[in-house]
Each structure stands twice: as structure tokens, then as C-alpha cells.
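In: sequence and predicted model, in that order:
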Amino acid sequence: MNTVGTPMLWGGFAVVVVIMLAIDLLLQGRRGAHTMTMKQAAIWSAVWVSLSLLFNAAFWWYLTQTEGRAVADTQALAFLTGYLIEKALAVDNVFVWLMLFSYFAVPAALQRRVLIYGVLGAIVLRTVMIFAGSWLITQFSWLLYVFGAFLLFTGVKMALAKEDETGIGEKPLVRWLRSHLRMTDSIENERFFVRKNGLLYTTPLLLVLIMVELSDVIFAVDSIPAIFAVTTDPFIVLTSNLFAILGLRAMYFLLAGVAERFSMLKYGLSVILVFIGIKMLIVDFFHIPIALSLGVVGGILVVTLIINAWVNYQHDKKNAA
């Protein structure tokens, strides 16, 4: 696998991630079960975004010194594009988490532990998937066309899909787990397992965690191929992906109270997936520069947010009348 990642770059990335995760987990662990306030969520979200941009700046500076300005500009732009794509798609993942917590009636104060394990699990799963995907693309370049067709299909499906949390309980996995696990009827604080009358029981919170992890795998199947449309370099794909999901927990609490105000977002995300799918399918006939891809993705998000604001304004105006 060809990559700009040197041992120094990989080591620096690993150190940053481990230190920030340790700080995040230690701070949250000291507070016990609680709901992250909107202010705390906004601060942590800003910290993660700023850290990602600082890492990209350091990455650009390192490549400028070792590979030259042209290579540095291209690779740093690829990181930024991949990060923006993943961050945008992660919002839809957050909305799925909201539906899961709502359906299983998980109190806000108990969601913290599920999200911590959810993000840690996502880091491991995505790392494995990215390295596996990079290897497969290196061996079978035609897979890029498969990814492109899949993203095109997923984008259309996302626009047409209807979200309904009442159907979660009827999903085959949920029904199978409930029928095969010895499970308590109610949530037992933050515990995933409890012992009653000498028998070990799982709690509904473990079922929620499994569904959170599964939802991330499903979204990773969309987002990882989308970044491969920008670059196949495993270092850039992994770093941009992980930096985007490291702030997911803070993003969740930031959006938890205003999720209904982003009703148009899924349509913008679907357009992004369709664009990326087309980009991958026509790569042999027409190459879309990374800078243009970044501009298109950013433009779609801006237009979507403007339309969303207008829809919210009209809705509020109608309710006030």
C-alpha cells in the first residue's frame, strides 16, 4: 500500500489520539453518570475540530519539509475533504443514536457510558475496515467502481428512506438477542450485566450498545468508501476518519436537543453520496480535482443548511400564527 505515512507520522497520530482519549475519558469518568450540557458539548466539539485542523496543519508542514509544497498541498487538502465528508455523514449516525436511546428509553444521564464504548468500538472497527479496504483496493482496483455504484445507490436510498423508531424492536437482530439472552426487564443504572439469584443477566443497556456498534458499522460501510473516492492512502483515510468520529460523543449531546431542526440534512447527505459515487464511476473518463470535490461537498452542506433554516423559519412562523 502506497502511503505518505511515515513511522513519525503514524506515531504522532497515535500519541495525539491516545492522549486526547485519556483526557476525555478521565474527565468524564470523574463526573460519574451525568448529561453533558450544551455548553460542555460545544466546547468539546470545538476542541476536537480545532485539534483536527491543527493536526492537518502539522501534517502539511511535515510534508512540505520532506516531500515538497505540491505534495503537501494535495495531501492536506485530501485530509480536509475526507474529514468534512466523514463529519457530515457522522451527523446522520448521531440521529440514529437518538432514535435508539428514545426507543429503549435510556435516560440521558446513562447514555454517556454507551457512547464511550460506542466510540472506542468504532475506532477499532474502522481501523480494521480501512486497512482491509486499502489492501483490497490495492489488489483489486475495480472495487472502486463497486464502491461508486454502492454509494450512488445508498445516496438515493437515503433520500427516499423514512425514519421510524417504532420499527427498531422488530429488527431481526433485536428480536434474536432478546430471545437468546437472559435479560432484565429494566435498565440497571450504567451496568451491562447484573447478577440475580446467582444467575448472570444482561440489561437492555447492552442491547443498546450492540445496536450502536452495529449502526456505526453500517455507516462506516458508506463513509469509508466515500473517503476512498478522495484518496486511497490509508494514512489519510484513517486519520481523517478517526478525527471525525472522535468528537461524535460531544456532537451527540450538542445535537440531541435540536435534532428535529435538521430535517433537511439527510437530503444534503444523499446528494453528497450521489456526487461521490458518480466521481468514482467516471474516474477513468474525467478526474475531478480534490479542491473541486471539497468545494462541491462544502457547497452542498451550506445550501442544505440554508434550506433547512428557511424550512424551520416557515414552520415556526406557521406555528406562531
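Out: Everything's here; your move. Residues are numbered from 1 along each chain as shown.
In: bridging residues for Leu200?
Out: Arg195 (DSSP bridges).
In: report pLDDT for it.
Out: On the pLDDT scale, Leu200 is placed at 87.
In: so who does it touch?
Out: Arg182, Phe193, Val194 (Cβ atoms under 8 Å, 6 or more residues apart in numbering). Heads up, the C-betas are built off the backbone N, CA and C, glycines and all.
In: neighbours of the second one, how many?
Out: Burial of Phe193 is recorded as 13 neighbouring residues (other Cβ atoms under 10 Å).
In: swap in Ala42?
Out: The number of residues near Ala42, taken as other Cβ under 10 Å, comes to 15.
In: what distance do you get for it to Met251?
Out: 10 Å (Cβ to Cβ, to the nearest Å).
In: just Ala309 next, same as before
Out: As judged by Cβ to Cβ, Ala309 and Met251 stand 19 Å apart.
In: one more: Val194?
Out: Counting by Cβ to Cβ, the gap from Val194 to Met251 is 31 Å.
In: who has more neighbours out of those two?
Out: Met251 (24 against 14).
In: confirm that one sits in a strand?
Out: No: using DSSP: H, G, I helix; E, B strand; the rest coil, the secondary structure at Met251 is helix, not a strand.
In: you'd agree it is up against Leu89?
Out: No: applying Cβ atoms under 8 Å, one finds Met251 not in contact with Leu89, separated by 11.9 Å.
In: list the buried residues for whatever helix or strand Val146 lives in?
Out: Assignment of secondary structure by DSSP states H and E places Val146 within helix 143-160. Going by neighbour count (16 or more other Cβ atoms under 10 Å), the buried part of helix 143-160 is Leu143, Leu144, Phe147, Gly148, Phe150, Leu151, Leu152, Thr154, Gly155, Met158.
In: mean confidence score for stretch 243-258?
Out: Mean predicted confidence for stretch 243-258 is 80.
In: brain fart, stretch 46-58
Out: The pLDDT scores in stretch 46-58 average 91.
In: contacts for it, please.
Out: 12-13, 16, 20, 76, 79-80, 83, 239, 243-244, 246-247, 250.
In: below-threshold pLDDT in the stretch 101-250 of the chain: ranges please.
Out: Applying pLDDT under 70 to the stretch 101-250 of the chain picks out residues 162-170.
In: would you list every one of the helices in it?
Out: Secondary structure of the stretch 101-250 of the chain by DSSP state H, counting those that start in this stretch: the helices cover 111-139, 143-160, 172-180, 204-228, 234-246, 248-255.
In: tell me the contacts of Thr3?
Out: With contacts defined as Cβ under 8 Å, 6+ apart, Thr3 is in contact with Asp233, Pro234, Phe235, Ile236.
In: what's the burial count for the last one?
Out: Right, Ile236. Other residues near Ile236 come to 26 when the count uses other Cβ under 10 Å.
In: same check on the second one?
Out: Residues contacting Pro234 under the criterion other Cβ under 10 Å number 22.
In: out of the helices of the stretch 101-250 of the chain, the one nearest Asp284 is which?
Out: Nearest to Asp284, of all the helices of the stretch 101-250 of the chain, is helix 143-160, at 8.9 Å by Cβ to Cβ.
In: quick one: contacts of that closest one?
Out: Contacts for helix 143-160 (Cβ under 8 Å, 6+ apart): 92, 136-137, 222, 225-226, 228-229, 266-267, 269-281, 283.
In: before we move on, what about stretch 308-321?
Out: Arg261, Phe262, Ser263, Met264, Leu265.
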